[in-house]
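Undergrad: What would the 3D arrangement of this be:
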Amino acid sequence: MSLDWFQLVLIYIVTNSLSKVIQKQALKDQDIDPGAFSAFFLFIVGVISIPFLWVEKPSVINSLEVWLVVILSSIFYTACMVLYYHALKGTEVSQVETIATTRSIWFMVLGSFLFGETVTLSNFLGIALIFGGLIVIYWDKGGFKGFGKPHLYTLIYALLISSAYALDKIALNSFSVVLYQVVVYIIPAVFTVMFIPKTFKGLRYFLKPRKTTFIILASAVFQMISTLALYAAYKYGGNLSVVGPLAQTSTVLTILIGIVILKERWNLKRKIIGVILALAGVVLLKLSI
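TA: Numbers count the residues shown, from 1 in each chain. Predicted coordinates:
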């Protein structure tokens with residue numbers, strides 16, 4: 001029985017949330033460098049995806065244009081994932097995920113410019129709710145309280161990963177799903193080590209068997225499943241402006257796990273109100289399509 005794009009997105013929501021919470025738990029180890037973590041994690045996800053190449057027949061349309069898209073997407077992933085792990089190490093996963101809802105804005109913009117998807121008044125109302133939610137959380141007595149580098153990193157991450165997802169949707173027309181996943185995880189891992197040299201030294205941490213390494217491997221398995229599901233959803237009928245915002249409902253699950261399991265209590269009342277507003281904005285963006 002084959003899965004449709006909506007069921008695939010549901011799989012993505014659950015496994016992506018579990019992966020992020022586990023990653024946050026691993027990053028609590030002060031000896032872990034976020035850049036090295038990014039390189040190691042991306043490489044592992046790419047490698048453990050390789051056996052699935054025997055399940056789906058690998059295929060690719062070789063052309064310079066396609067590979068330029070892949071390389072550009074990989075550059076975006078390299079930068080955004082290093083920023084994401086710096087943010088995740090520096091603050092609560094629930095805060096990172098709330099700010100990351102701004103991805104919906106970029107999904108809408110990129111969907112409009114790249115794929116000709118319609119922008120409506122409801123889109124702008126959704127954007128207003130997302131920003132309103134962030135203001136409720138962080139604006140206090142005439143200024144932003146508790147908004148620092150990790151939060152700025154998350155805003156940049158949201159833009160870059162949305163751009164990468166848009167390029168993925170283009171490239172997936174020329175790739176089989178599993179092969180594309182292997183490529184866009186391993187290439188950014190290599191780029192991270194090449195362009196951020198200090199990450200190579202940080203990789204030595206992961207060479208010794210330890211509890212944290214096994215935690216990261218568990219997270220990589222969930223990440224592998226989530227990305228396969230997301231790419232399949234894009235390839236088999238899901239529009240960027242639909243799948244993107246819908247997939248962000250994983251934010252709800254991630255934030256709830258962060259609050260309940262990881263005991264993240266900073267600014268809890270404001271956070272809950274802000275999250276509700278931001279998610280209402282995401283829903284409005286989804287319903288306006």
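Undergrad: Please point out which parts of stretch 165-176 sit buried.
TA: By neighbour count with 16 or more other CB atoms under 10 Å, stretch 165-176 contains the buried residues 165, 166, 167, 168, 169, 170, 171, 172, 174, 175, 176. Glycine gets a C-beta too; all of them are placed from N, C-alpha and C.
Undergrad: Do you have the helices of the stretch 1-150 of the chain handy? List them.
TA: Taking DSSP state H, counting those that start in this stretch as the criterion, the stretch 1-150 of the chain carries its helices at 5-27, 34-49, 64-90, 93-99, 103-115, 121-138, 149-171.
Undergrad: which of the ones you listed sits most buried?
TA: Counting by mean count of other CB atoms under 10 Å, helix 93-99 has the highest mean neighbour count of these, with a mean of 26.
Undergrad: Tabulate the CA atom coordinates of stretch 70-90 in CSV.
TA: Output of stretch 70-90 as CSV, limited to C-alpha atoms (Å, rounded to 0.1, in the frame of the first residue of the first chain):
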residue,chain,number,x,y,z
VAL,A,70,22.3,20.6,-6.1
ILE,A,71,25.5,22.5,-5.2
LEU,A,72,23.6,25.7,-4.4
SER,A,73,21.2,23.7,-2.2
SER,A,74,24.2,22.1,-0.5
ILE,A,75,25.8,25.4,0.2
PHE,A,76,22.5,26.7,1.8
TYR,A,77,22.3,23.5,3.9
THR,A,78,25.9,23.8,5.0
ALA,A,79,25.4,27.3,6.3
CYS,A,80,21.9,26.9,7.8
MET,A,81,22.6,23.7,9.7
VAL,A,82,25.7,25.1,11.4
LEU,A,83,23.6,28.1,12.4
TYR,A,84,20.8,25.9,13.6
TYR,A,85,23.1,23.8,15.8
HIS,A,86,24.7,27.0,17.3
ALA,A,87,21.2,28.2,18.1
LEU,A,88,20.1,24.8,19.5
LYS,A,89,23.1,24.6,21.7
GLY,A,90,22.6,28.2,22.9
